[in-house]
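Visitor: show me the folded form of this:
(4 chains)
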There are 2 protein chains.
Amino acid sequence: MALERETVLRTALRLLDEVGLDGLSLRRLAKELGVQAPALYWHFTNKQDLLDHLTVFAREEAGITVEPPSAGAPWDEWLAEGMRTLRRGMLAHRDGARLASGNRPPPGSWPHIERVLGFLVDAGFTAEDALRATIVLGHYVVGFVLDEQHDQERQDDAGLDFDPQRFPLITAAGPAALDRDALFEYGLQRMLDGMRAQVAAVGGPDPAHEDRPPTTARQD
Amino acid sequence: MALERETVLRTALRLLDEVGLDGLSLRRLAKELGVQAPALYWHFTNKQDLLDHLTVFAREEAGITVEPPSAGAPWDEWLAEGMRTLRRGMLAHRDGARLASGNRPPPGSWPHIERVLGFLVDAGFTAEDALRATIVLGHYVVGFVLDEQHDQERQDDAGLDFDPQRFPLITAAGPAALDRDALFEYGLQRMLDGMRAQVAAVGGPDPAHEDRPPTTARQD
DNA sequence: TCACACTCCTTAACGGTGTTAAATCCTTAA
DNA sequence: TTAAGGATTTAACACCGTTAAGGAGTGTGA
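Guide: Below you'll find the model as predicted:
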């Protein structure tokens, strides 16, 4: 029975959770598969290639197939849910954010992007701002989870002992910042607030946006 | 003449720009210093320790000493300028964002944080939201520059050849997203817009925030 | 049935990495 | 002059990604 690409990826993903991205060596992975390290070079051109495929595999396995918005759904809540899903997807595996940020997104995601843009344009965005909004939100989420998992790797519970009298504001606000879910939601909502305001400003009074027929083309 | 810590760090920073973070090995750095690799272990406990110190060294050298806001300056423009400075600082060196995100911030930054919070609280933020705002903005900037430098490492000018007919919106919006400065500013302003709105909502009508005397204590 | 071809994997090796242990210079202080 | 200790060297260990060459195993066409 030959070694299947998918078997390699599934094993790599499990191993990732065990040993982390830095511990994920080809030799270690090969041992896990009952095989010698160079065997992996028949299935992947090199380690980077394997990690690229691992990224999309993890994405698929987590079901990050951002569904097109249900008709009539508000764009902001739909976008917010997409970002929450993105965060959950990266949190699903150890070093998930590092993995996702360190490798190229699959070129096959263009149809998906086009669909998202179409929905936002229908909601009143210009095409430029729709693209900017998705990119910028994505960067926020990646930056957020990166730090979130960074803290998890080195359990940095230390460093919280300081003189409350010298730093009263940090003392007062500190606990609030430790609630990662609330913190994530705070930044997400602030950014969406800003986008809502802008869409209302340029999309509201401007009939060019309201009269346009839906541009959400059916893309594969 | 013994090897000085600062000499090591300065050389490491120069070497970083030459070979990138992945190419920055202890042996390579030692050769640059005219020394054997294990000599570095007298000055730093290990490579991670060296990188941690390199991070703060780069920060200091770039002059990221975010000045306290000049009296009367609007908090949002001051915060925006701080984030632009942060971005510039990371862009100043190759893999600067990876370096900054991969290592712990120095514990000596508490006084600075306390000052920032004090200014924001004076501007109408609650202590919790002030801390949330700074953290969340920082994550955005790091996520942004990380991707920005990622593109620079692998010069990914390729991948922009697609069928304009299948993806009309991407085609229309694509060029706008390539202007990194404008893109950065877009996300930054959207987030600040959201914060402005929230501060106005909770800080405006609520006298508890307006009547409070300035809490910007003088911290070292 | 033989021989070729192709898939998949192994063995061996190269040059590189971070890190440790031990020995050794070199400077300073007594 | 000797002792102490700061600063560095040499040697080595256990890894790493990657390449080259070759060998099993299977299928196919002559």
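Visitor: distance check, residue A:102 against chain B.
Guide: 8 Å (Cβ to the nearest Cβ, to the nearest Å). For the C-beta atoms, the positions are set from N, CA and C on the backbone; glycine is no exception.
Visitor: quick one: that residue and residue A:51 touch, right?
Guide: Yes - counting by Cβ atoms under 8 Å, residue A:102 does reach residue A:51; the two are 7.3 Å apart.
Visitor: buried residues in stretch A:42-53?
Guide: Buried positions in stretch A:42-53, judged by neighbour count with 16 or more other Cβ atoms under 10 Å in any protein chain shown: A:43-44, A:50-53.
Visitor: closest to residue A:97 out of those residues?
Guide: Checking the buried residues of stretch A:42-53 against residue A:97 with Cβ to Cβ, the nearest one is residue A:51 at 13.6 Å.
Visitor: dump the residue contacts of the closest one.
Guide: For residue A:51, the contact set (Cβ atoms under 8 Å, 6 or more residues apart in numbering or on different chains) comprises A:99, A:102-103.
Visitor: with distance to residue A:6, neighbour count and secondary structure added, can I get these in a markdown table?
Guide: Converted to a markdown table, these look like this (distance: Cβ to Cβ, whole Å; neighbours: other Cβ atoms under 10 Å in any protein chain shown; DSSP: H, G, I helix; E, B strand; the rest coil):
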| residue | distance to residue A:6 | neighbour count | secondary structure |
| --- | --- | --- | --- |
| A:99 | 17 | 22 | helix |
| A:102 | 22 | 16 | helix |
| A:103 | 18 | 18 | coil |
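Visitor: using JSON lines, lay out those together with distance to residue B:116.
Guide: Below are the contacts of residue A:51 laid out as JSON lines (distance: Cβ to Cβ, whole Å):
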{"residue": "A:99", "distance to residue B:116": "32"}
{"residue": "A:102", "distance to residue B:116": "30"}
{"residue": "A:103", "distance to residue B:116": "34"}
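Visitor: mind listing what's buried along the helix or strand hosting residue A:181?
Guide: In the assignment (DSSP states H and E), residue A:181 maps to helix A:180-198. Neighbour-count burial for helix A:180-198 flags A:183-196, A:198 (criterion: 16+ other Cβ under 10 Å).
Visitor: CA atoms only: put that helix into CSV for me.
Guide: Extracted in CSV, the C-alpha atoms of helix A:180-198 (Å, rounded to 0.1, in the frame of the first residue of the first chain):
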residue,chain,number,x,y,z
ARG,A,180,-9.2,36.9,24.7
ASP,A,181,-12.7,36.4,23.2
ALA,A,182,-13.9,39.8,24.5
LEU,A,183,-10.7,41.4,23.3
PHE,A,184,-11.0,39.9,19.9
GLU,A,185,-14.6,41.1,19.7
TYR,A,186,-13.6,44.6,20.7
GLY,A,187,-11.2,45.1,17.9
LEU,A,188,-13.4,43.4,15.4
GLN,A,189,-16.4,45.5,16.3
ARG,A,190,-14.4,48.7,16.2
MET,A,191,-13.1,48.0,12.8
LEU,A,192,-16.6,47.0,11.6
ASP,A,193,-18.0,50.2,13.1
GLY,A,194,-15.6,52.2,11.1
MET,A,195,-16.5,50.3,8.0
ARG,A,196,-20.2,50.7,8.7
ALA,A,197,-19.8,54.5,9.0
GLN,A,198,-17.8,54.7,5.8
